[in-house]
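# Give me the fold of what follows.
(chains A and B)
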Protein chains: 2
Amino acid sequence: MGQYPDANRRITDAAASTGSRLDSYVDRYATRTHGMTASEVRSLFSVASRPEVVSLAGGMPNISGLPMDVVGSLISNLIGKRGMTALQYGSGQGDPTLREQICEVMKPTGINGHPDDVTVTVGSQQALDLITRIFIDPGDVILAEAPSYVGALSTFRSYQADVVHMEMDDDGLIPERVLDAIATTKAAGRRIKFLYTIPNYHNPAGVTLTAERRARILRICQDHDILIVEDDPYGLLGFDGHVPRAMRADDAERVVYLGSFSKTFAPGFRVGWALAPHAVREKLVLAAESSVLCPPAFSQLAVSEYLAAHDWRGQVKSFQELYLERRDAMLDALSGLMPEGARWTRPNGGFYVWLTLPPGLDTKAMLPRAVTSRVAYVPGTAFYADGFGSRSMRLSYCYPTPERIREGVRRLAQVIEQEMELRAAFGAEGTSRRPGLDAPGPDQS
Amino acid sequence: MGQYPDANRRITDAAASTGSRLDSYVDRYATRTHGMTASEVRSLFSVASRPEVVSLAGGMPNISGLPMDVVGSLISNLIGKRGMTALQYGSGQGDPTLREQICEVMKPTGINGHPDDVTVTVGSQQALDLITRIFIDPGDVILAEAPSYVGALSTFRSYQADVVHMEMDDDGLIPERVLDAIATTKAAGRRIKFLYTIPNYHNPAGVTLTAERRARILRICQDHDILIVEDDPYGLLGFDGHVPRAMRADDAERVVYLGSFSKTFAPGFRVGWALAPHAVREKLVLAAESSVLCPPAFSQLAVSEYLAAHDWRGQVKSFQELYLERRDAMLDALSGLMPEGARWTRPNGGFYVWLTLPPGLDTKAMLPRAVTSRVAYVPGTAFYADGFGSRSMRLSYCYPTPERIREGVRRLAQVIEQEMELRAAFGAEGTSRRPGLDAPGPDQS
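I've put the predicted structure just below:
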């Protein structure tokens, strides 16, 4: 940003604020557009990019470990060998060779997929968008974990879905809460279109669904005829090298499985995928075509070359080690520095720790003070469709160095301490506690 | 396609046809999904890829003229110089440097845009999708030329818009027909959300809107407070080197301008853009983020490097020459071979000729016979939302060699001749003429 002179823009903004440049289209947008608002993560991006701030906010993978020379040479070979294909339009469903390779990549999850059931998407975010597009009429219900991925909630909202949250604990989504949500929703005469879950190394909660619960939740969805959307960007990034078995591995017709190369290779290509029952896959491809015609051929062939020519499994292993070191740095720092009453999750993979502060604190209200103290996080409310999460925050350990992570947690602990002192001195009114909106976080059971 | 063994798939398809693999989700899709059907272009892709068929159907740009060595080396430099940015997530609005360069690329159209008003999209198809998403509620009306771009119609349909077509002639969209369409729509109490136009080297009609009509249509839309979506993928590809002035150049608040690098560089990166009034741009970015998070950083930086390091204007000039030679081959062949009563447009740029056959012929019904005779085209009905266009077809001259174009038109002429003989021998019933559905094509005035 800011690489061009913005003097004119400032003048225009000033004009806008004096009313001469109102949004003349404001009464013309679609109903869905009124629900599109800038996420709480967005405003953090500009803050987090300042070098003096330790950002524990972003979810950017740490690609510093990628062998740039290898990537550079395979991409330059690609132009030489397959330039006419890489630079041309491709099929809406995605490159056939890449779809075969994706089936190989899914094998460790127990999934035995067919390339014809794979749709390549512009990141798995587009897969989420397309699944929502083909299933959701305004007012339809989506069941989702509490908390859930902020990008999914934003997509669900843009299609005017109503999200019903279900509680998690350290073992992931609680099957009884799934049954409760189904019963409540059905009793209200509402229509559940699908259950959205991130079973592995949850974003933002950091927890993983146990094998026993996977089986129970799958059974519940079979009994109640509910489609499952299983979002799994982190499944290969477990710290013990174990890859949890996907729900899709046990029911090919009930589950749409979403995957991504953004965390196991690089997000800059925007290559993700959906593995869907055949009929759903057909709709997905039609929706993808009307959305972008086809995913970028160049990106797909670059990923395909990388998978074919490089030891990508070895690279994933080195990512696991890199993130493990950072997770340990964060957990150690939290153990040493967080006040009495604070609780946090202990992820076995992925990027995130979910931290819940003692009663009375509000992470969103506290954020400006944290940024002043040069540390950033994402307030918990961003991960709820219903205003919960005010006592919680998401901390990412994926990107900064271990030293920076320790420094970030140290700054955060000071901010929390000041906040608690303020509260002790002036009572609950001194902070912006909103009673009843504390998060039923995954560590509260 | 077909790069993996499809024996299992065939068995599964057989099972599906006997009813053992019905779509168990059929009663669960969103209302919009029922309108998503495979386009007439799609079924042609597999046919057109067979080498013995001369495809005059596809709209693939002819990238054989691109200097692959240059592209290969600039991309490999890119990884060395800016790999950490190119492989990472970027901003939802797109790379700031590329947005500056896009403003330079638009200069020949008379547009003096600001980079902050540009949103980079996954091809201009995504720009169409996002514009439709933020403006269209089910049942809203979009005004569009008759015929119009098949990909736009598919997107409009997926948002349940109603398209009202407006007649064109050799000078493009007819202003009086715009007034008629506005009057009729308003009289019916319907809401017009925007007018969609491809003013330059129209896809599929091949015609260009005159400067005088641009001014009149802009004035009409100002008078009736209608937003214009000006889709301009071909504007730089005029055969006389002249770039028509964009409507956006004369009204920055009334027009959303869409551009693309797919035809001036390469479609494999999927980089397009929308230049929109500031408030609309804000909505576009939010919609883009919920759709794909961000456009591929790698693609954007590759295009940016290409624009900075290569003589892209010289490349566009060589594309113009390449397409001019092919257009001439097609027009010559049509002049020599088409029967009495056939009419076609004479494009001054772009990729397409719109051919209308003598009364009584049906291009969709004729297509299987054409393919048997090893020539393919797109039937005219694909370019109408309302069933018109049955006597017309789109012929593309962009991709085949001039020799192949001549051979394709020769085969097509034979098919048409046989069709007319059949009709003469057996009467109108021998063909599948549907009275009243002939196209009010651009050459009928």
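
# For the residue nearest the centre of chain A, which non-adjacent residue is closest in space?
For chain A, the residue nearest the mean C-alpha position is A:Tyr149 (4.3 Å; Cα atoms, centre = their mean). Distance criterion Cβ to Cβ, 6 or more residues apart in numbering or on different chains; nearest residue to A:Tyr149, sequence neighbours excluded, is A:Asn203 at 5.0 Å. (Each C-beta comes from the backbone N, C-alpha and C, glycine too.)

# Toward the C-terminus from the longest strand that chain A contains, list the very next helix or strand.
For chain A, the longest strand by residue count, based on DSSP state E, is strand A:162-169. Downstream of strand A:162-169, the first helix or strand assigned by DSSP states H and E is strand A:172-173.

# List the pairing partners of that following strand within its sheet, with orientation.
Strand pairing for strand A:172-173, determined by DSSP bridges: strand A:162-169 (antiparallel).

# Show residues contacting the partner strand.
Identification of contacts with strand A:162-169 by Cβ atoms under 8 Å, 6 or more residues apart in numbering or on different chains yields A:139-148, A:153, A:156-157, A:173-174, A:177-178, A:180-181, A:184-185, A:190, A:192, A:202, A:205, A:207, A:384-386, A:388, A:440, A:442-445.

# Sitting in strands, which of these do you find?
Among those, the subset assigned to strands under DSSP E consists of A:Val141, A:Ile142, A:Leu143, A:Ala144, A:Glu145, A:Ala146, A:Leu173, A:Ile192.

# can the residues you listed go into JSON lines with extra columns for neighbour count?
Below are those laid out as JSON lines (neighbours: other Cβ atoms under 10 Å in any protein chain shown):
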{"residue": "A:Val141", "neighbour count": "23"}
{"residue": "A:Ile142", "neighbour count": "26"}
{"residue": "A:Leu143", "neighbour count": "25"}
{"residue": "A:Ala144", "neighbour count": "27"}
{"residue": "A:Glu145", "neighbour count": "29"}
{"residue": "A:Ala146", "neighbour count": "24"}
{"residue": "A:Leu173", "neighbour count": "28"}
{"residue": "A:Ile192", "neighbour count": "21"}
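
# Pick the one among those residues closest to chain B.
Distance to chain B, by Cβ to the nearest Cβ, is smallest for A:Ile192 among the ones in strands among the contacts of strand A:162-169, at 9.8 Å.

# before we move on, the earlier item: any chance of JSON lines for the ones in strands among the contacts of strand A:162-169, columns distance to A:Arg248 and pLDDT?
Below are the ones in strands among the contacts of strand A:162-169 laid out as JSON lines (distance: Cβ to Cβ, whole Å; pLDDT from 0 to 100):
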{"residue": "A:Val141", "distance to A:Arg248": "22", "pLDDT": "98"}
{"residue": "A:Ile142", "distance to A:Arg248": "18", "pLDDT": "98"}
{"residue": "A:Leu143", "distance to A:Arg248": "17", "pLDDT": "98"}
{"residue": "A:Ala144", "distance to A:Arg248": "18", "pLDDT": "98"}
{"residue": "A:Glu145", "distance to A:Arg248": "17", "pLDDT": "98"}
{"residue": "A:Ala146", "distance to A:Arg248": "23", "pLDDT": "97"}
{"residue": "A:Leu173", "distance to A:Arg248": "16", "pLDDT": "98"}
{"residue": "A:Ile192", "distance to A:Arg248": "19", "pLDDT": "97"}
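
# From these, pick the one nearest A:Ala424.
Closest approach between these and A:Ala424, by Cβ to Cβ: A:Ala146, at 29.7 Å.

# For the helix or strand that contains A:Leu412, buried residues please.
For A:Leu412, the host element (DSSP H and E) is helix A:402-426. The neighbour-count check on helix A:402-426 (16 or more other Cβ atoms under 10 Å in any protein chain shown) flags A:402, A:404-409, A:411-413, A:415-416, A:419-420, A:423 as buried.

# Drop anything exposed from the contacts of strand A:162-169.
The neighbour count (16+ other Cβ under 10 Å) marks A:140-148, A:153, A:156-157, A:173-174, A:177-178, A:181, A:185, A:192, A:202, A:205, A:207, A:384-385, A:388, A:440, A:442-443 as buried among the contacts of strand A:162-169.

# if I look at the residue nearest to A:Tyr149, how far off is A:Met60?
Using Cβ to Cβ, to the nearest Å, one gets 13 Å for the distance from A:Asn203 to A:Met60.

# Looking at the two, which one has more neighbours?
The neighbour comparison of A:Asn203 against A:Met60 (other Cβ atoms under 10 Å in any protein chain shown) goes to A:Asn203, with 25 against 18.

# For the residue nearest to the centre of chain A, give me its contacts.
A:Tyr149 makes contact with A:Ile198, A:Asn203, A:Pro204, A:Asp231, A:Phe383, according to Cβ under 8 Å, 6+ apart.

# Check it and give its pLDDT.
Predicted confidence (pLDDT) for A:Tyr149: 97.

# same check, this time on A:Val41
A:Val41 carries a pLDDT value of 53.

# A:Arg411 now?
So, for A:Arg411, pLDDT stands at 98.

# same question, A:Met36
A:Met36 carries a pLDDT value of 84.

# Give the burial count for it, as a bare number.
A:Met36: 22 surrounding residues under other Cβ under 10 Å.

# Mind telling me what element the closest residue to it other than its chain neighbours is part of?
Closest residue to A:Met36 apart from its sequence neighbours, by Cβ to Cβ, 6+ apart: B:Leu286 at 4.3 Å. Here B:Leu286 is covered by helix B:278-292, with elements defined by DSSP H and E.

# got the CA positions of that helix in CSV?
Written as CSV, here are the backbone C-alpha positions of helix B:278-292 (Å, rounded to 0.1, in the frame of the first residue of the first chain):
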residue,chain,number,x,y,z
HIS,B,278,-15.0,4.5,-4.7
ALA,B,279,-18.0,3.3,-2.7
VAL,B,280,-18.6,0.4,-5.1
ARG,B,281,-15.0,-0.5,-5.0
GLU,B,282,-15.2,-0.9,-1.2
LYS,B,283,-18.0,-3.4,-1.6
LEU,B,284,-16.1,-5.2,-4.4
VAL,B,285,-13.1,-5.8,-2.2
LEU,B,286,-15.3,-7.1,0.6
ALA,B,287,-17.0,-9.4,-1.9
ALA,B,288,-13.7,-10.5,-3.3
GLU,B,289,-12.3,-11.4,0.1
SER,B,290,-15.3,-13.5,1.0
SER,B,291,-15.0,-15.2,-2.4
VAL,B,292,-11.2,-16.0,-2.7
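
# what's the following helix or strand after that helix?
Of the helices and strands lying after helix B:278-292 in sequence (DSSP H and E), the nearest is helix B:297-309.

# and for that next one, what are the contacting residues?
For helix B:297-309, contacts defined as Cβ under 8 Å, 6+ apart pick out A:267-269, A:296, A:298-299, A:302, B:71, B:74-75, B:77-78, B:82, B:85-90, B:94-95, B:97-98, B:101, B:104-105, B:120, B:261, B:265, B:269-271, B:312.

# Pull out the buried residues from it.
By neighbour count on 16+ other Cβ under 10 Å, the buried set for helix B:297-309 is B:Ala297, B:Phe298, B:Ser299, B:Gln300, B:Leu301, B:Ala302, B:Val303, B:Ser304, B:Glu305, B:Tyr306, B:Leu307.

# of those residues, closest to B:Asp328?
B:Tyr306 (28.6 Å).

# okay but A:Pro402 is in contact with A:Asp332, surely?
No - counting by Cβ atoms under 8 Å, A:Asp332 is not a contact partner of A:Pro402; they are 9.1 Å apart.

# ok, now which ones touch A:Asp223?
Listed by Cβ under 8 Å, 6+ apart, A:Asp223 has no contact partners.

# err, A:Gln126, not the other one
A:Arg270, A:Gly272, A:Ala288, A:Ser291, A:Val292, A:Pro295, B:Ser291, B:Val292.

# Then A:Leu98?
Counting by Cβ under 8 Å, 6+ apart, A:Leu98 touches A:Val120, A:Val271, A:Gln300, A:Leu301, A:Val303, A:Ser304, A:Leu307.

# ok but it is inside a strand, no?
No - with DSSP: H, G, I helix; E, B strand; the rest coil as the criterion, A:Leu98 is assigned helix and is not in a strand.
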